[in-house]
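In: One predicted model, sequence on top.
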Amino acid sequence: MKRILVLCTGNSCRSQIAEGYLRLFAGAKAEVHSAGVETHGVNPRAVAIMKEDGVDISAHTSNHIDEYRDIDFDYVITVCDHAREVCPYFPSNAKKFHHNFPDPAKASGTEEEIMTSFRTTRNLVKAWCISFINEM
């Protein structure tokens, strides 16, 4: 079984979405976790847009990278430039991957415009996760 860690700044949106999809697409082939260089709590809009796509992340928690220091991951994926730039040294032989997804938590406008931003990011993350699982 492969171990995957998804990192983002606050472990509230993009990494939570990626964790949900990676768990779904990898099934029993991988143990998937997500964390942040900070913890901001799981964003309720991320929970809502994942539910729209049939993925329940409502029980996810926002975790700090320090909680995973003793786990030897096979893959570490950063989903935002900030996490990649400020991530403290992480002792691991993991293969590292990076993709900077837009941060829907920074969206502004009407509620529908904000939710559209969340859906756009969700769809981008979903497509990337499908490709990642198929290639790995």
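Out: All right, it came through fine.

In: From here on, just use CA atoms for contacts and neighbour counts.
Out: Noted.

In: List the residues that contact the residue nearest in space to the middle of the chain.
Out: Nearest residue to the geometric centre of the chain (CA atoms, centre = their mean): Ser15, 1.6 Å. Under the criterion of CA atoms under 8 Å, 6 or more residues apart in numbering, the neighbours of Ser15 are Val6, Leu7, Cys8, Ser34, Ala35, Val79.

In: Including pLDDT, secondary structure and distance to His98, could those residues go into JSON lines?
Out: JSON lines is the format used below for the contacts of Ser15 (pLDDT from 0 to 100; DSSP: H, G, I helix; E, B strand; the rest coil; distance: CA to CA, whole Å):
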{"residue": "Val6", "pLDDT": "96", "secondary structure": "strand", "distance to His98": "10"}
{"residue": "Leu7", "pLDDT": "94", "secondary structure": "strand", "distance to His98": "9"}
{"residue": "Cys8", "pLDDT": "93", "secondary structure": "strand", "distance to His98": "10"}
{"residue": "Ser34", "pLDDT": "97", "secondary structure": "strand", "distance to His98": "14"}
{"residue": "Ala35", "pLDDT": "95", "secondary structure": "strand", "distance to His98": "14"}
{"residue": "Val79", "pLDDT": "95", "secondary structure": "coil", "distance to His98": "6"}
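
In: just those residues now: which is nearest Phe97?
Out: Phe97 has its nearest neighbour among the contacts of Ser15 in Val79, at 8.6 Å by CA to CA.

In: list the contacts for the closest one?
Out: Val6, Leu7, Cys8, Arg14, Ser15, His98, His99, Asn100, Phe101.

In: in the sheet, who's paired with the closest residue to the second one other than its chain neighbours?
Out: Using CA to CA, 6 or more residues apart in numbering and skipping residues adjacent in sequence, the residue nearest Leu7 is Thr78, 4.7 Å away. Beta bridges link Thr78 to Leu7, His98, judged by DSSP bridges.

In: Thr78 reaches Arg84, doesn't it?
Out: Yes: counting by CA atoms under 8 Å, Arg84 is a contact partner of Thr78 at 5.9 Å.
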